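Trainee: Sequence and predicted model, in that order:
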Amino acid sequence: MRAFKVRQIKLNRRYFLPLPKLTNAQLSILGKRMADLGYEVRKAGVLRASSREQVIWIDARGLAWSSKGLLDALVPALPDLLECKKEYCPPGEFARLYFNIGRARGGFILRANVRLESSSHWWELRRAGLSGITPDESLAMSFLLTRVCGKVRGITNYPVEGAKVRQIGRILYYESMISTDEYSSGLSTTEEKSEKQVHLPSNSVLQIESIAMPSNNELRGLSGELGEWCYYIA
């Protein structure tokens, strides 16, 4: 079971706070918290709370962001969030919270659905030597990688035979083909950072030769291991 830990990340001029995968009940708790603080709250896909001093966005997929620090506004609401009951989610819908698997020429494409490790944020994180992968995202990736055959492309901070060197900011990375065991054990997260680090590609897509598709029972098992990082149970 994974306990939720607060980890605010600053990238350039914006602050990000990874949150659990939020139910509507939890989103309502955060909306009430912001309204009580005097923010004007609107929900149109993403909850938007605005005041004269700050605008805060909260996405139910598990991320809040703003141009100013988020801790004072959101952390006091966390005990109520973490006491909420989990909601049932059909296994297929639960899987899509974390990944999509599709067929491609010569194999499959696995897309990781991540909170922060995508688009321009990926580059900012690599320049800063940080990771935006949360513990539940790491667990979901490890769950999938045990089902994959063959080596997988990752971005490492150490050289691997045949790797392509990539300098991002002042840091050297390597586009490497590595075993799934090495990928899982080295995947860098917001909470764990080993000397030998592995990161997802910038598009969060892995091209794989073959994969044993997870059953509904296996997805239910995964959902039960995510603890306070996900409030949906398959």
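Mentor: Structure's in. What do you need? Residues are numbered from 1 along each chain as shown.
Trainee: List the buried residues for stretch 106-117?
Mentor: Using 16 or more other Cβ atoms under 10 Å as the test for burial, stretch 106-117 gives Phe108, Leu110, Arg111, Ala112, Val114, Arg115, Leu116, Glu117. C-beta coordinates here come from the backbone N, C-alpha and C atoms, glycine included.
Trainee: cool, and stretch 119-134?
Mentor: Buried residues in stretch 119-134 (16+ other Cβ under 10 Å): His121, Trp122, Glu124, Leu125, Arg126, Leu130, Ser131, Gly132, Ile133, Thr134.
Trainee: Include secondary structure and pLDDT when you put the residues you listed into JSON lines, please.
Mentor: Putting the buried residues of stretch 119-134 into JSON lines (DSSP: H, G, I helix; E, B strand; the rest coil; pLDDT from 0 to 100) gives the following:
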{"residue": "His121", "secondary structure": "helix", "pLDDT": "95"}
{"residue": "Trp122", "secondary structure": "helix", "pLDDT": "96"}
{"residue": "Glu124", "secondary structure": "helix", "pLDDT": "96"}
{"residue": "Leu125", "secondary structure": "helix", "pLDDT": "97"}
{"residue": "Arg126", "secondary structure": "helix", "pLDDT": "96"}
{"residue": "Leu130", "secondary structure": "coil", "pLDDT": "95"}
{"residue": "Ser131", "secondary structure": "coil", "pLDDT": "96"}
{"residue": "Gly132", "secondary structure": "coil", "pLDDT": "96"}
{"residue": "Ile133", "secondary structure": "coil", "pLDDT": "97"}
{"residue": "Thr134", "secondary structure": "coil", "pLDDT": "97"}
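Trainee: Does anything pack onto the lengthiest helix in the chain? Which helices or strands?
Mentor: What stands out as the longest helix in the chain, according to DSSP state H, is helix 24-36. For helix 24-36, the packing partners by 3 or more Cβ pairs under 8 Å, 6 or more residues apart in numbering; DSSP states H and E come out as strand 40-44, strand 46-50, strand 55-59, helix 71-74, helix 78-82.
Trainee: before we move on, the earlier item: among the buried residues of stretch 106-117, which ones are in strands?
Mentor: Secondary structure from DSSP state E places Phe108, Leu110, Arg111, Ala112 of these in strands.
Trainee: of the residues you listed, closest to Arg166?
Mentor: Ala112 (19.2 Å; Cβ to Cβ).
Trainee: What is the longest strand of the chain by residue count?
Mentor: strand 171-178.
Trainee: buried set for the helix or strand following that strand?
Mentor: Remark: after strand 171-178, the chain's next helix or strand is helix 180-186, criterion DSSP states H and E. Neighbour counts over helix 180-186 (16+ other Cβ under 10 Å) mark Thr180, Glu182, Tyr183, Ser184, Gly186 as buried.
Trainee: what about stretch 153-162, start to end distance?
Mentor: Length of stretch 153-162, first residue to last, Cα to Cα, to the nearest Å: 12 Å.
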